[in-house]
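Novice: Sequence and predicted structure below; questions after.
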Amino acid sequence: MTDSARTYTISQLAREFGVTPRALRFYEDKGLLTPRRDGLNRVYSHRDRARLQLILRGKRVGLSLIEIKEILDLYKVDQRAQAQTALKRFKARIAALEQQREDVDAAIAALHDGVTQLESFLEKPAAPAAMGAARAFEREAKKRLEGAH
């Protein structure tokens with residue numbers, strides 16, 4: 001049996017790709033996969049397997065299912081248009097991810113600065129006035145706790 005003639009059950013594909021059978025049925029409901037039926041059983045073709053691989057790769061890089069479907073559906077119509085659409089989507093996703101990386105890097109830098117400032121502050125001994133206020137607060141808290149019993 002050639003690879004292109006090989007078929008797969010829902011369990012086989014789910015196990016191979018680490019997804020649930022429910023996810024495969026969901027992709028079928030969305031028109032991303034089109035297994036044939038053998039009674040009540042779904043029979044997935046080599047083409048379905050390849051499409052599932054592309055769906056999961058698209059999801060991993062953050063494409064929406066609508067974007068993935070658009071790219072996959074163009075295969076039947078015009079492979080050049082499919083490639084152009086995929087290229088456009090990929091470039092847009094790269095730009096979005098690079099912006100997110102910049103945002104994350106800026107947030108990490110701001111947190112490092114905050115940690116440095118707080119550690120520096122906490123290394124210094126507390127001012128006597130602050131110590132007096134802390135002791136007064138502690139006395140008041142003790143009175144309230146004793147009064148509550």
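Specialist: Everything's here; your move.

Novice: and A126, that one's in a strand?
Specialist: No. Applying DSSP: H, G, I helix; E, B strand; the rest coil, one finds A126 to be coil, outside a strand.

Novice: In three-state terms, label the nearest residue to it once chain neighbours are set aside for me.
Specialist: Spatially, and ignoring its direct neighbours in sequence, A126 is nearest to A134 (7.4 Å; CB to CB, 6 or more residues apart in numbering). Using the backbone N, CA and C atoms, a C-beta is placed for each residue, glycine as well. Classification of A134 by three-state DSSP places it in helix.

Novice: domain ranges for the protein?
Specialist: 1-63, 78-149 (automatic domain parsing).

Novice: check contacts around L74.
Specialist: Residues near L74 by CB atoms under 8 Å, 6 or more residues apart in numbering: 81-82, 85.

Novice: Check which helices and strands the lengthiest helix in the chain sits against.
Specialist: When the chain is parsed with DSSP state H, its longest helix is helix 79-123. Counting contacts by 3 or more CB pairs under 8 Å, 6 or more residues apart in numbering; DSSP states H and E, helix 79-123 packs against helix 65-77.

Novice: 10 Å instead?
Specialist: Packing contacts for helix 79-123, counted by 3 or more CB pairs under 10 Å, 6 or more residues apart in numbering; DSSP states H and E, involve helix 46-60, helix 65-77.

Novice: Using a markdown table, lay out those helices together with mean pLDDT and distance to A107.
Specialist: Below are the helices and strands packed on helix 79-123 laid out as a markdown table (pLDDT from 0 to 100; distance: least, CB to CB, whole Å):
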| stretch | mean pLDDT | distance to A107 |
| --- | --- | --- |
| helix 46-60 | 95 | 23 |
| helix 65-77 | 92 | 27 |
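
Novice: Any idea which of those helices gets closest to R101?
Specialist: Nearest of these to R101, taken as CB to CB: helix 46-60 at 16.3 Å.

Novice: what number of residues lie near the residue nearest to A126?
Specialist: By the criterion of other CB atoms under 10 Å, A134 has 11 neighbours.
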